[in-house]
Each structure stands twice: as structure tokens, then as C-alpha cells.
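**Student:** The following block contains a protein sequence and its predicted model.
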Amino acid sequence: MAVVVGFAGTDEGRAALARAAQEATLRGTSLLVVDTGREPMPAAELDAALAALEVEHEVVPPGPLRDAAEEVITAAEGAELVVIGLRRRSSVGKLILGANATRILLEAPCPVITVKPAAS
């Protein structure tokens, strides 16, 4: 079993990656990093983010359809936990969660943790 994280090169993605690495370490399992960026992430950017991890990990490259929610849900089959990052939203924006986040929360076959980046 592994911890799955949806990762994009954003503050939210980096926060999710850090929390997922902590969870994998606490659980004594590996980390499955699903590249969910809208554009293919430059290898150097992904390598830099992964270099700081002190946990065994594997990267799932973006699929041909680039459906981030589907890729995370598929990767989560048999996983122990999914971690995703959320953007900070206004009071009105909190009424509507992003489509990918909503889908992952509702369809993932295991528990999901959502994290926000530290306030700037």
C-alpha cells in the first residue's frame, strides 16, 4: 500500500507533496506522486521537488487525456491514503470546491486529506 499525492508545480502541489511525504513516513510506506499539472512539468522542476523527499517514491507521468482527477483516483486503487492540495478561497468561493478536488473526495477508494499552502 502507498500514499498517493496529486502534484502540480504550484504552492498547493508543494504543500500536498510535503504532507504526503510525512504521511508515507509515518505509515512506513512508499509515496506515489501523480503529476497532475495542466502542462507536462519540466523534469528539472519535478526533480527539485522530489529531491527533498526522504521517502521511497515513484512518479506517475501525466496520462494522454490529462484528466487529473481520473489519474489520482486510478492511482489510489489499493492505496492507503490520497493527499491533494487546495487553493485558498474567498467566503463565496468556499461554497464551490474545484471540480477535480470534489471528484477525488467523492470517488477515491480510500481516505483523502486536503491541505492548503502556508499563508503568505
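**Tutor:** Everything's here; your move. Residues are numbered from 1 along each chain as shown.

**Student:** Correct me if wrong: residue 84 contacts residue 112.
**Tutor:** Yes - between residue 84 and residue 112 a contact is recorded at 6.6 Å, counting by CB atoms under 8 Å. (Glycine included, C-beta is placed from N, CA and C.)

**Student:** and for these two, which residues touch both?
**Tutor:** Contact criterion CB atoms under 8 Å, 6 or more residues apart in numbering; residues bridging residue 84 and residue 112 by contacting each: residue 104.

**Student:** more neighbours, the two?
**Tutor:** Neighbours around residue 84 and residue 112, counted as other CB atoms under 10 Å, are more numerous at residue 84. The numbers are 30 against 19.

**Student:** Next one, pLDDT for the more buried one please.
**Tutor:** At residue 84 the predicted local confidence, pLDDT, stands at 95.

**Student:** quick check, it in a helix?
**Tutor:** No - using DSSP: H, G, I helix; E, B strand; the rest coil, the secondary structure at residue 84 is strand, not a helix.
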